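Novice: my questions are about this predicted structure, shown below with the sequence.
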Amino acid sequence: MPIINRIAEFHDDMKTWRRHLHANPELGYELHETAAFVIERLREFGVDEIHDGIAETGLVAIINGRGDGPTIGLRADMDALPITEIPDRPHKSRNQGVMHACGHDGHTAMLLGAARYLAETRNFKGRVALIFQPAEEGGAGGEAMVKAGIMDDFAIKQVFGIHNFPGMPEGLIGTRPGPLLAAADEFQIDITGKGGHAAMPNTSVDPVMIAVQIAQALQTIVSRNVDPIDSAVISVTRIDAGTTHNIIPGTAFMQGTVRTVRKETQADIVARMERIVTNIATALGGEAKLNYHYGYPPTVNHPAETEFALKVAREVAGEQLVTDDIPPTMGAEDFAYMLEARPGAFLCLGTGEGAGLHHPEFDFNDEVSPIGASFFVRLVETAQPVG
């Protein structure tokens, strides 16, 4: 595997950075120590510009190449999750109830490794914009950075990101053109019935029964209305109602998620949910209101940039460790907002066997860090070559 020799030389440094970040995780937009650590490393490397305080604790670092040219964006997310880490490892989280269970510490370390090499060699034209973003885990930090103007302010022409992927063979790089990850939406349903004695249901309007029938009917949308070749998920994850065994409650509450990869499918699902919720409640004598909250959009790779990224990946990892047809997954990623703003691609980097993402035993596999850093570097040098 042709990892860049210089990057292999400071592999231990990347491991040290990553494990420091793992031991000191922060949530959402409150990444003050994390951002300070990243800035300190970037200053050591001698990058040309550091712009911090973007979307609260996000930052963009600029490295100038040799001669005029476009600006290519490389992105890493920095936030952790509200999960209590289980294993007692040397770099275990010092912040109770917070841990890097999605590998953002590894993403940051890989981009720092690429930054160090690019600042040393500058074997490219134009500029590199290193994007370190907060709040990927539900806070839409990617959207906040786009709205803050980073694409225009730094004249970014194309943008790329990478995510670690447990369960994929170690070192395998994979992606696909078009939809790679799903839109992630949330819904709540408020049901109003008429409470009463559980022994006399005929005098009541039972919101529990309404909730149960709505939950069952919602499952028919995917099984009977979505094209089987398409992908969608509707999951009812919460039903709250009642206080004890002999009282029919007056209200019920439902909550869940919808995942889609096509906006047309998303729109159809919302319309069908509205009809199901309203009409079932009415038919059973009650009322129900759907509150639908649109979350991250689908992560959709641009075809030309995806083909280019795969070409670079093959040069780094070898033909046998690159796939251009990994199946879309119903997880979500706010890099989607950056791909809506600029052409680019998002790729997955296999980390081998181990605990999955968002699991309290997860730990990023440091052995793949030089692969990710080398990929970022070759992406820049190939896209914007000198001479």
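Specialist: Structure received.
Novice: tell me where the stretch 101-250 of the chain has strands.
Specialist: In the stretch 101-250 of the chain, the strands defined using DSSP state E, counting those that start in this stretch lie at 127-133, 156-165, 173-174, 178-181, 183-192, 196-197, 232-241, 247-248.
Novice: the second one packs against which elements?
Specialist: When you say that, I think you mean strand 156-165. strand 71-77, helix 104-121, helix 303-317, helix 335-341, strand 344-350, helix 369-383 (3 or more Cβ pairs under 8 Å, 6 or more residues apart in numbering; DSSP states H and E). Every C-beta, even on glycine, is put in place using the N, C-alpha and C of the backbone.
Novice: domain ranges for the chain?
Specialist: 5-181+298-383, 185-296 (automatic domain parsing).
Novice: off-centre distance for the shortest one?
Specialist: Relative to its chain's centre, domain 185-296 lies at 27 Å (Cα atoms, centre = their mean, to the nearest Å).
Novice: now do the end-to-end distance for it.
Specialist: 7 Å (Cα to Cα, to the nearest Å).
Novice: mind starting the numbering at 114 from now?
Specialist: Yes, from this point I'll number from 114; that puts the last item at domain 298-409.
Novice: that domain - what's its average pLDDT?
Specialist: The average pLDDT for domain 298-409 rounds to 97.
Novice: picking up where we left off before, nearest to Ile302, of the helices and strands packed on strand 269-278?
Specialist: helix 448-454 (26.0 Å; Cβ to Cβ).
Novice: show me what that closest one is packed up against.
Specialist: Using 3+ Cβ pairs under 8 Å, 6+ apart, helix 448-454 sits against strand 184-190, helix 254-260, strand 269-278, strand 412-414, strand 457-463.
Novice: burial of Glu432, as a residue count?
Specialist: Using other Cβ atoms under 10 Å, Glu432 has 8 neighbouring residues.
Novice: now Asp340
Specialist: 10.
Novice: what sits against it?
Specialist: Thr378 (Cβ atoms under 8 Å, 6 or more residues apart in numbering).
Novice: ok, now the one 3 residues further on?
Specialist: Taking Cβ under 8 Å, 6+ apart, we find Asp343 in contact with Val374, Arg375, Thr378.
Novice: just want the angle from the lengthiest helix in the chain to strand 345-354.
Specialist: The longest helix of the chain (DSSP state H) is helix 376-396. Here helix 376-396 points in a direction 30 degrees away from that of strand 345-354 (axes from the mean of the first three to the mean of the last three Cα atoms, to 10 degrees).
Novice: tell me which residues are up against helix 376-396.
Specialist: Taking Cβ under 8 Å, 6+ apart as the rule, helix 376-396 contacts 296, 298, 300, 302, 304, 323, 326-327, 330-331, 334, 338-340, 343, 345, 347, 371, 373, 400-403, 405, 410-411.
Novice: at 7 Å what do you get?
Specialist: When contacts are defined by Cβ atoms under 7 Å, 6 or more residues apart in numbering, helix 376-396 is touched by residues 296, 300, 302, 304, 323, 326-327, 330-331, 334, 338-339, 343, 345, 347, 371, 373, 400-401, 403, 405.
Novice: stretch 242-250 too?
Specialist: 141-142, 144, 151, 168-175, 184, 186-192, 194, 215, 217, 221, 224, 228, 254-255, 257-258, 263, 267, 269, 447.
Novice: quick check: end-to-end length of that stretch?
Specialist: 22 Å.
Novice: cool, stretch 202-209 as well?
Specialist: 14 Å.
Novice: same question for stretch 348-359.
Specialist: Note: stretch 348-359 ends 29 Å apart using Cα to Cα.
Novice: can you pull the buried residues of that stretch?
Specialist: Within stretch 348-359, the residues that count as buried by 16 or more other Cβ atoms under 10 Å are Val349, Ile352, Ala354, Gly355.
Novice: what sits against the residue most central in space within the chain?
Specialist: In the chain, the centroid-proximal residue (Cα atoms, centre = their mean) is Glu446; its distance is 2.6 Å. Contact partners of Glu446, counting by Cβ under 7 Å, 6+ apart, are His276, Leu294, Tyr409, Thr412, Phe459.
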